[in-house]
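> Give the three-dimensional model of this entry:
(3 chains)
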Amino acid sequence: MPHLHIEYTDNLTGLNERELMRELNAVVCAHPTVADEADVKARIARLSDFYIGNQPDNRGFVHVQLQLMAGRTEQAKKEMSDGLAAVLRRLVPQPAGIMVQLSVDVADMDKATYFKGRL
Amino acid sequence: MPHLHIEYTDNLTGLNERELMRELNAVVCAHPTVADEADVKARIARLSDFYIGNQPDNRGFVHVQLQLMAGRTEQAKKEMSDGLAAVLRRLVPQPAGIMVQLSVDVADMDKATYFKGRL
Amino acid sequence: MPHLHIEYTDNLTGLNERELMRELNAVVCAHPTVADEADVKARIARLSDFYIGNQPDNRGFVHVQLQLMAGRTEQAKKEMSDGLAAVLRRLVPQPAGIMVQLSVDVADMDKATYFKGRL
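Okay, here's the model as predicted:
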């Protein structure tokens, strides 16, 4: 069930979308609380229309939201967040003169009303 | 207030976006806990940049998130989730050789701080 | 940490994306519970594929989601929601014959597992 939503500002030239998704997915797939790697579904959006604070020039960001079925411990979620953050630190480029913010949000989804199926 | 966020991977060729939104909306509009059909707001995103698990070839998905004002019973939310899932099963195509995952997430929004208005 | 996610339907011709982001950001940056203006990260998406209710012609919407670190009072969040709503009322155009819905959702993010860093 895990969903990864990745967003990055388009001033981060050189960011390799596919490598970033692969490595972020690998963190989630490898976690002992994730039973089936095929459940990990990542998508990435390159943002061309963004605005950061009130002095927006020369700023960029990468934001990852990981949505998980509720029920994991805070420690398990923290481990995944730390692992995703480490990937961001390793793979996100820093173009000269751009202040780049990185963030990871881990959110629970409601088990009782979630549906999953396969065709 | 209900918001429907629909995402599908672009390898699901033949998916009819407008028909899918119409039928998913119809489920929500018809639910006894939804007072005004005009409140149901759907958008659909065709994902060209995605990555599923760690063996990503020949995989696709359709994911629906339904956001509702908090306060409905679990049963009401389950009814909507089931109805949305049935629409996915009916309308999502399965291209030959692609393993397609379907999912529906029902999420509450906070009533006390939500704003709605009309121009 | 605040994230602003702005969506608008593409029948709202004349909407100025950059002005809207600037003014919405200003509300959040100015709130006493926001320490660093640079933390406020807005992105805007122009929706071309949407469907409103079951009689969808001549309808549009602008929806803002504000994600905040959990811990603020309901009053603080209500103040931000009200401020964002006032900006929408001031800046969103109403094309002739279009019924335009405005909405603001304020959502908490989990502090314990959130990561933020800078390159």
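> and the residue nearest to residue A:52 when sequence neighbours are not counted, backbone torsions?
Sequence neighbours aside, residue A:59 is the residue nearest to residue A:52 in space, at 4.1 Å (criterion: C-beta to C-beta, 6 or more residues apart in numbering or on different chains). Glycine gets a C-beta too; all of them are placed from N, C-alpha and C. Main-chain torsions, residue A:59, degrees, to the nearest 10: phi -130, psi 150.
> Show me what the biggest helix by length in chain A is in contact with.
For chain A, the longest helix by residue count, based on DSSP state H, is helix A:74-91. Contact with helix A:74-91 is made by A:15-16, A:19-20, A:23-24, A:27-28, A:30-33, A:62, A:64, A:66, A:68, A:102, A:104, A:106, C:110, C:112-115, C:117, C:119, as judged by C-beta atoms under 8 Å, 6 or more residues apart in numbering or on different chains.
> Could you tell me which of the residues you listed belong to strands?
With strands taken from DSSP state E, the overlap with the contacts of helix A:74-91 comprises A:62, A:64, A:66, A:68, A:102, A:104, A:106, C:115, C:117.
> residues contacting the fifth one?
Yep, that's residue A:102 we're talking about. By C-beta under 8 Å, 6+ apart, the neighbours of residue A:102 are A:61-63, A:85, A:88-89, A:92, C:115-119.
> try the second one
By C-beta under 8 Å, 6+ apart, the contact list for residue A:64 reads A:4-7, A:24, A:84, A:88, A:103-105.
> Distance to residue A:97 for these - can I get that in JSON lines?
Rendered in JSON lines, the data for those read as follows (distance: C-beta to C-beta, whole Å):
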{"residue": "A:4", "distance to residue A:97": "29"}
{"residue": "A:5", "distance to residue A:97": "28"}
{"residue": "A:6", "distance to residue A:97": "24"}
{"residue": "A:7", "distance to residue A:97": "21"}
{"residue": "A:24", "distance to residue A:97": "26"}
{"residue": "A:84", "distance to residue A:97": "26"}
{"residue": "A:88", "distance to residue A:97": "20"}
{"residue": "A:103", "distance to residue A:97": "21"}
{"residue": "A:104", "distance to residue A:97": "25"}
{"residue": "A:105", "distance to residue A:97": "27"}
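> Make CSV from the residues you listed and add pLDDT, neighbour count and distance to residue A:78 to it.
Below are these laid out as CSV (pLDDT from 0 to 100; neighbours: other C-beta atoms under 10 Å in any protein chain shown; distance: C-beta to C-beta, whole Å):
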residue, pLDDT, neighbour count, distance to residue A:78
A:4, 98, 22, 17
A:5, 98, 17, 19
A:6, 98, 23, 19
A:7, 98, 20, 22
A:24, 98, 25, 16
A:84, 98, 26, 11
A:88, 98, 23, 15
A:103, 98, 24, 15
A:104, 98, 24, 10
A:105, 98, 22, 13
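> So which of the residues you listed is the closest to residue B:98?
Of all the contacts of residue A:64, residue A:4 has the smallest distance to residue B:98: 19.9 Å, by C-beta to C-beta.
> neighbours of the residue nearest to residue A:52, just the number please.
Residue A:59 has 18 neighbours, counted by other C-beta atoms under 10 Å in any protein chain shown.
> per-residue confidence for residue A:116?
On pLDDT, residue A:116 comes in at 97.
> Same check on residue A:1?
Here, the pLDDT recorded for residue A:1 equals 83.
> Which residues are in contact with it?
Contacts here follow C-beta under 8 Å, 6+ apart; on that basis residue A:1 touches A:39, A:67-69, A:109, A:114, A:116, B:103.
> could you flag which of those residues are buried?
A:39, A:67-69, A:109, A:114, B:103 (16 or more other C-beta atoms under 10 Å in any protein chain shown).
> Looking at those, which one is closest to chain C?
residue A:68 (9.9 Å; C-beta to the nearest C-beta).
> ok, the closest residue to the closest one other than its chain neighbours to chain C distance?
Distances taken as C-beta to C-beta, 6+ apart place residue A:2 nearest to residue A:68, at 5.5 Å, with adjacent residues excluded. Using C-beta to the nearest C-beta, to the nearest Å, residue A:2 is found at 14 Å from chain C.
> surely residue A:2 meets residue A:38?
No - with contact defined as C-beta atoms under 8 Å, residue A:2 does not reach residue A:38; the gap is 10.7 Å.
> which one of these two has more residues nearby?
Comparing residue A:2 with residue A:38 by other C-beta under 10 Å, the one with more neighbours is residue A:2, at 23 against 17.
> and the more buried one, what does it touch?
If you count contacts by C-beta under 8 Å, 6+ apart, then residue A:2 has A:28, A:34, A:39-41, A:66-69 around it.
> now residue A:100
Counted by C-beta under 8 Å, 6+ apart, residue A:100 has contacts A:12, A:59-62, A:92, A:94, C:118-119.
> Would you write out the PyMOL command that picks the buried residues out of those?
Typed into PyMOL, the line below selects the buried ones among the contacts of residue A:100, using 16+ other C-beta under 10 Å:
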select buried, (chain A and resi 12+59+60+61+62+92) or (chain C and resi 119)
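> Now render the contacts of residue A:100 as TSV, adding distance to residue A:76.
TSV is the format used below for the contacts of residue A:100 (distance: C-beta to C-beta, whole Å):
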residue	distance to residue A:76
A:12	30
A:59	32
A:60	30
A:61	26
A:62	23
A:92	24
A:94	30
C:118	26
C:119	27
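> which of the contacts of residue A:100 lies closest to residue C:73?
Checking the contacts of residue A:100 against residue C:73 with C-beta to C-beta, the nearest one is residue A:61 at 26.7 Å.
> and the closest residue to that closest one other than its chain neighbours, how many neighbours?
Nearest residue to residue A:61, sequence neighbours excluded (C-beta to C-beta, 6+ apart): residue A:101, at 4.2 Å. By the criterion of other C-beta under 10 Å, residue A:101 has 21 neighbours.
> Good, wrapping up.
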